[in-house]
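Trainee: With the input below, show me the fold.
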Amino acid sequence: MNKTVNQIIFLFIIFISHEVTSQIKGSVFLDENGNGLKDKREKGIEGAIVSNGLEVVKTDKKGVFTLPIWEKARFITIYPGATQSAKTRYIKVDKSIKTYNFPIQKKEIKKEVSFIQVSDTETFEYKDWLNNLKSYSNSIDPDFIIHTGDICYESGMTWHADNMTTKTMNAPVYYCIGNHDLVKGNYGEEYFENKFGPGWYAFEEGKALFVITPMMGGDFKPGYTREEIGNWLQNLLDSYPKEMPKYFFNHDYLTNGDEFVFKINDNKEILLNNYNIKAWIYGHRHANITKLHGITNIKSYSTATAAKGGIDHSPSSFRVIKIDDAGSSSSDLVWTFVNDQLQIVSPHHDELHQHGKEHVHLSSNVYSSNSPIDSVKYKVYDEKGLTWKTYVKGSEMHHMTQRSDWNWEATFKPEIPNNNYELAIEAYLKNGKVLYDKQKFTIKPGGNKAFDNKWHNLAGNSAHDAVVNFNHTKDYVLEWVKNIGSNIYMSSPILHENHVFTASFDDGNAEKNYIVCFDTQSGQEVWRYQTRNGIKNQMVIARDILIATDMQGYTYALNTTSGHLVWEKDLKYNRLPGFISGLVTDGTMVFTGFGETLSAIEVETGKTTWINSDWTGGYGSTTTMTLTPKILITSANWGALYAHDKNTGELLWKRNDNGLRFRDGNILFKEDKLWIAENDGAKGTLHVLEPKTGESIKTIETHIENKSTTTPIVTPHSIYIAGSDPGIASYERTTGKLKWLFEVEPALFYTPQYYSDHQRSIETTPVLVGDELLFGAMDGWLYKLDAITGKLIWKTNLGAPILTSAAVTKEGFFICDFAGNIYYFKNK
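Mentor: Okay, here's the model as predicted:
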């Protein structure tokens, strides 16, 4: 009997021991004195949420938690609540640890939350983008900073772990796992964990829950599976109220559709819509786009890289996201590498033209990557200017109105008959710095000559032959400038009769997306039309109809006179990155779309005559499509150069060799040949192809980098190529010998893929006006060169990058800058 009892007791002890050793225990307590230790008087916190990476549990009344053993568990992690500050977020699993204790300190719950998203920095060296990020972060004091992956290999992760941390950034810093962060080791995320801790976790700020999820695949196989992450995610969501606003971070997007479904396995999935998902925030694509998903009001934010130009030429940038008391979000992109800029653009130099009887227009381009601009003030002095006598202490300056993230404006009523003034402008940055500029000017009456112009495609024609057969005099004067209300990318202005048109984009909130028509004579706005998403490339005109396609693939046909919608078509683009190619028209048909949505559409009716079925995939390209009499030429970045029969859509040929696969420039059709500049390795190359077959006729080494969105110019004796570094060059046509090279200044920010090293880029197609080349550059300057010698004839500073090509008339030219301004420069 005693023997039997002893055996039962022995087995019971073994059972209890097994139960104890098959569990992980710990506590969460209020660390009132901040020493990190649980003192006798310090109480446990009930309801704190803790996880082993699979199971998610809450602490009991005493602040104690128990987790089952999960053989893959590498961390025990607390998910701090909105009123909890945790110096220790995670503890590495160690058999020697008996209890996992998390000290917590109280903090106030915030009504509004802000954070900064950085993505795809892919670097192991220090550059100014990080100084920008630090300074900007210190200016706005965000609740946290998150890097959504592709820190990049062991070197990149080591560098970031040293240089972009909670300590160095003076704000909590979190990291996601990207595909290039899964590296060689016992399992793909091992190196990441050694530097940054868990690869999936959550925390609260304000009234929202923030959920970090890992990339499901990459360069090396991860140690986790989709099913494990899905089960963890379900356990996590079950631990929080369904109605609680939730923000998800991942290296890549989850869906382009309206339903955010996380598939656990073939039989099980999570519909995040049921858990009040507010936004999915990601990177990976090296592209900026904000999308509102149908009627769900769920947003997705794609953010390019802060450290370099994007794959779709998105500017180097990071994103600031704000969440209000209701849990809804808004965002702003911050363009990196921009040293503090203040440039008065109206008056321009010493003149200001008055259109109308009373007021004149004042405008300044102001931007800093280091701080938000708090306010911009101005004062206009009389002809004596700002002097000891004219300045009176306490004299009031007036506030300018912000029109875009880069432009501020005001109106001024001049005193009659005085026409000579001095404008002083002060820009107040949130970090305390003040930028200052002043400009003396004379008011003159505006011009009144009516226009009747046609500039309906890029470079004025569907072949993109940027040569006009008239001359301008040496200098120009600014007739007028107007701001569209948001940024302008590659939507070069087009002209029809007495109207000029351009379009904007809003990658912050996808709200300020407009097509706008201005009167060419006065700059007065005639009409504007709001699109679903931004228009980033070339619009066209045919049959008194303007046609444009936004980033989501919606195509709009508007009456050029009234702005009324003639027809609209959804191309079912439904892919990332957004649509960024330029349209082309032959006057009857318009060609738009990319890949499986590449389409030929009748201009007047909106009827689709053919849709491409011969190729798909690849990234969108900033290239504007080109027409020959019978052939459409289009492109896929990282794909190929394609030639289609323009009437049937039949694929005639494609080229993805000799650098043509990675080409961003536009194609010129001239003299029954295709002229294409590309960057094959370190050497730039100009290809001359036979349009019907795609066969090479000739190649010329340019010895400049050709990674920008520009078009060659060909004349009987010369070839002109504007490059991504260091500027624009002229070549002898028959021999390819370099005749001259003109270098522009370093770009204000970077757009060509992976650029970050003071490259001097041109992203526009120059126009040959007589014997002079007219173009804008990424340094913010407009240039006019002698085409024969390459010598500078005229230049002027706009203080913002220029990504549009000029629309030229006999009287002058129209051009836009990134600040959202459209300018009319009149030939003197």
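
Trainee: Hmm, W567 is touching T605, no?
Mentor: Yes: counting by Cβ atoms under 8 Å, W567 does reach T605; the two are 7.2 Å apart. The way it works is simple: take the backbone N, C-alpha and C, and place the C-beta from them, glycine included.

Trainee: between the two, who's got more neighbours?
Mentor: W567 (17 against 11; other Cβ atoms under 10 Å).

Trainee: Do a quick rundown of the helices in this protein.
Mentor: According to DSSP state H, the chain carries its helices in the segments 2-21, 128-140, 153-163, 166-169, 190-196, 226-238.

Trainee: Please render those as CSV that adds distance to K482 and mean neighbour count to the earlier fields.
Mentor: Listed next are the helices of the chain as CSV, based on distance: least, Cβ to Cβ, whole Å; neighbours: other Cβ atoms under 10 Å:
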stretch, distance to K482, mean neighbour count
helix 2-21, 74, 9
helix 128-140, 29, 20
helix 153-163, 43, 17
helix 166-169, 39, 13
helix 190-196, 47, 19
helix 226-238, 49, 18
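
Trainee: can you redo these as TSV with distance to A326 and mean pLDDT?
Mentor: Listed next are those as TSV, based on distance: least, Cβ to Cβ, whole Å; pLDDT from 0 to 100:
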stretch	distance to A326	mean pLDDT
helix 2-21	46	49
helix 128-140	21	98
helix 153-163	34	98
helix 166-169	28	97
helix 190-196	32	98
helix 226-238	20	98
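
Trainee: Would you mark the buried spots in stretch 686-698?
Mentor: For stretch 686-698, the neighbour count (16 or more other Cβ atoms under 10 Å) marks L686, H687, V688, L689, P691, G694 as buried.

Trainee: hmm, who's touching that stretch?
Mentor: 628, 631, 633, 641, 643, 652-655, 658, 660, 669, 672-678, 699-702, 706, 712, 719, 721, 731, 736 (Cβ atoms under 8 Å, 6 or more residues apart in numbering).

Trainee: So which of the residues you listed are in strands?
Mentor: When those are checked against strands (DSSP state E), the matches are 631, 633, 641, 643, 652-655, 669, 673-678, 699-701, 719, 721, 731.

Trainee: how much space is there between the nearest residue to I713 once chain neighbours are set aside and P315?
Mentor: Nearest in space to I713, with sequence neighbours left out and distances taken as Cβ to Cβ, 6 or more residues apart in numbering, is Y720 at 4.1 Å. Distance of Y720 to P315, computed by Cβ to Cβ, to the nearest Å: 26 Å.

Trainee: next one: V769
Mentor: 29 Å.

Trainee: returning to that earlier point: what sits opposite the residue nearest to I713 in the beta ladder?
Mentor: I713, S730 (DSSP bridges).

Trainee: Please give me every residue in contact with I49.
Mentor: So I49 contacts V56, V57, K58, I78, Y79, G81, A202, S239, Y240 (Cβ under 8 Å, 6+ apart).

Trainee: check contacts around the first one.
Mentor: Taking Cβ under 8 Å, 6+ apart, we find V56 in contact with I49, V50, Y79, W232, N235, L236, D238, S239.

Trainee: Can you get me a residue count around the residue lying closest to the second one once chain neighbours are set aside?
Mentor: The spatially closest residue to V50, leaving aside those adjacent along the chain, is F65, at 4.8 Å (Cβ to Cβ, 6+ apart). Using other Cβ under 10 Å, F65 is surrounded by 25 other residues.

Trainee: Off-centre distance for stretch 234-242?
Mentor: 33 Å (Cα atoms, centre = their mean, to the nearest Å).

Trainee: any low-confidence regions in the chain?
Mentor: 1-21, 388-394, 416-417, 448, 450, 681-682 (pLDDT under 70).

Trainee: what about the longest strand in it?
Mentor: Per DSSP E, the chain has its longest strand at strand 434-445.

Trainee: Restricting to C-alpha, output it in PDB.
Mentor: Once non-C-alpha atoms are left out, strand 434-445 reads as follows in PDB (Å, rounded to 0.1, in the frame of the first residue of the first chain):
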ATOM      1  CA  VAL A 434      14.700  81.600 -40.100                       C
ATOM      2  CA  LEU A 435      15.400  81.900 -43.900                       C
ATOM      3  CA  TYR A 436      15.500  85.300 -45.500                       C
ATOM      4  CA  ASP A 437      15.500  86.800 -48.900                       C
ATOM      5  CA  LYS A 438      14.600  90.100 -50.600                       C
ATOM      6  CA  GLN A 439      14.100  91.400 -54.100                       C
ATOM      7  CA  LYS A 440      13.800  94.800 -55.600                       C
ATOM      8  CA  PHE A 441      11.300  95.000 -58.400                       C
ATOM      9  CA  THR A 442       9.400  97.200 -60.800                       C
ATOM     10  CA  ILE A 443       5.700  96.700 -61.600                       C
ATOM     11  CA  LYS A 444       4.900  96.600 -65.300                       C
ATOM     12  CA  PRO A 445       1.600  96.000 -67.100                       C
END
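
Trainee: got a list of contacts for it?
Mentor: Identification of contacts with strand 434-445 by Cβ under 8 Å, 6+ apart yields 340-344, 347, 349-354, 360, 364, 366, 368, 385-386, 414, 419-429.

Trainee: Now list the buried members of those residues.
Mentor: For the contacts of strand 434-445, buried by 16+ other Cβ under 10 Å: 340-344, 347, 352-354, 360, 364, 366, 368, 414, 421-429.

Trainee: So which of those sit within strands?
Mentor: Applying DSSP E to the buried ones among the contacts of strand 434-445, the entries found in strands are 341-344, 352-354, 360, 364, 366, 421-429.

Trainee: hang on, the earlier thing: which one's more surrounded, V769 and P315?
Mentor: P315 (28 against 22).

Trainee: how much space between that one and E743?
Mentor: Distance, P315 to E743, using Cβ to Cβ: 21 Å.

Trainee: Over to E122?
Mentor: 28 Å.

Trainee: if you count what's nearby, which of the two comes out ahead?
Mentor: Ranked by neighbour count (other Cβ under 10 Å), E122 and E743 place E122 first, with 18 against 12.

Trainee: Domain-wise, how is the chain divided?
Mentor: Per automatic domain parsing, the structural domains of the chain span 2-105, 110-335, 341-445, 453-827.

Trainee: ok now the shortest one, how far from the chain's centre?
Mentor: Put plainly, it is domain 2-105. 44 Å.

Trainee: what's the answer for the third one, then?
Mentor: Offset of domain 341-445 from its chain centre (Cα atoms, centre = their mean): 30 Å.

Trainee: what residue lies at the spatial centre of this structure?
Mentor: N288 (3.2 Å; Cα atoms, centre = their mean).

Trainee: Just list the residues touching that residue, thanks.
Mentor: By Cβ under 8 Å, 6+ apart, the contact list for N288 reads S302, T303, A304, G310, S314, P315, S317, L333, D507.

Trainee: Cool, thanks, talk later.
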